[in-house]
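Asker: build me a model:
(chains A, B, C and D)
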There are 2 protein chains.
Amino acid sequence: MTEEGTRALSRRTIPRPDAADAELARLARALAHPARVRVLRLLARRDGCIGCDIVADLALAQSTVSEHLRILKAAGLIEGEVDGPRVCYRLRREGLARLKALAAAL
Amino acid sequence: MTEEGTRALSRRTIPRPDAADAELARLARALAHPARVRVLRLLARRDGCIGCDIVADLALAQSTVSEHLRILKAAGLIEGEVDGPRVCYRLRREGLARLKALAAAL
DNA sequence: TTCGGTCATCGTCGAATGGCGATATATCTT
DNA sequence: AAGATATATCGCCATTCGACGATGACCGAA
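Answerer: Residues are numbered from 1 along each chain as shown, chains lettered A, B, ... in the order given. Next up is the predicted model:
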């Protein structure tokens, strides 16, 4: 990837402007679907939620929900802990905080 | 705003949850491209900016930039005032505030 | 009026998104 | 072992996105 890890001072406060733009755009893209926003809200209420319960909440096919969860996970907004045959999804507060910080800095 | 006290959140501050999800998703979608984030930042620095200057800043074709501006305008995040043969684009603080509020409420 | 500059729109293209059912994989239960 | 449950992945399809050049529309200046 990038060589940007060497400067500890520019850790996550102010990278290059282009990098911040790309990061905010990437996080915003993860939010850019009502189903995914709803998942985040759901996980915010009951912290920790099994996948099949999310499928039940959204009125979408299981495969579709799985794809939305994959996108949220790839964006670092949620995480999934395997628990037997199921997966317990939780919010990643850091990722969400990062998103809020970038949005608030606009 | 309302004077209903801190508990009366289910009345007017939150419309329907689905509506808020859709609204946040719609605004996030407008942010979901680095060029559009960059435009917002540009307009935040120098409030009021001619279209051709935005074209010069982004390294994109004029038609592409125009499309990005159209998306931002449709989302209510910017506005354009016609000034002779050019258009002066500005941030819409209300729209931006709405986005920040919805994101912060996550 | 004609010219130059600014911006929006149109048509087109390739790539990505969002949806689904079907299938594969993994785990628990019996 | 067999069945049930939960999740991820695959293939497919329709739609949208992002980019561009070309064209059209508009205004101010020459």
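
Asker: going forward, measure contacts between C-alpha atoms and count neighbours the same way
Answerer: Noted.

Asker: quick one, what contacts the one residue sitting closest to the centre of chain A?
Answerer: Closest to where the C-alpha atoms of chain A average out (CA atoms, centre = their mean) is residue A:77, at 1.8 Å. Listed by CA atoms under 8 Å, 6 or more residues apart in numbering or on different chains, the contact set of residue A:77 reads A:91-96.

Asker: quick check: the residue in chain A that DNA strand C sits nearest to vs residue B:63, distance?
Answerer: Using CA to the nearest atom of the strand, residue A:84 is the residue of chain A that sits closest to DNA strand C, at 3.4 Å. Residue A:84 sits 52 Å away from residue B:63, going by CA to CA, to the nearest Å.

Asker: quick one: which of the two has more around it?
Answerer: Neighbour tally, residue A:84 and residue B:63, criterion other CA atoms under 10 Å in any protein chain shown: the higher count belongs to residue B:63, 10 against 7.

Asker: which helix or which strand is home to the more buried one?
Answerer: Taking DSSP states H and E as the criterion, residue B:63 maps to helix B:62-74.

Asker: so is that helix next to DNA strand C?
Answerer: Yes. Between helix B:62-74 and DNA strand C, judged by CA under 7 Å from any atom of the strand, the touching residues are B:62-64, B:66-67, B:69-70.

Asker: residues of chain A that sit close to DNA strand D?
Answerer: That would be A:50-53, A:62-64, A:66-67, A:69-70, A:80, A:85-88, which are the residues of chain A within reach of DNA strand D (CA under 7 Å from any atom of the strand).
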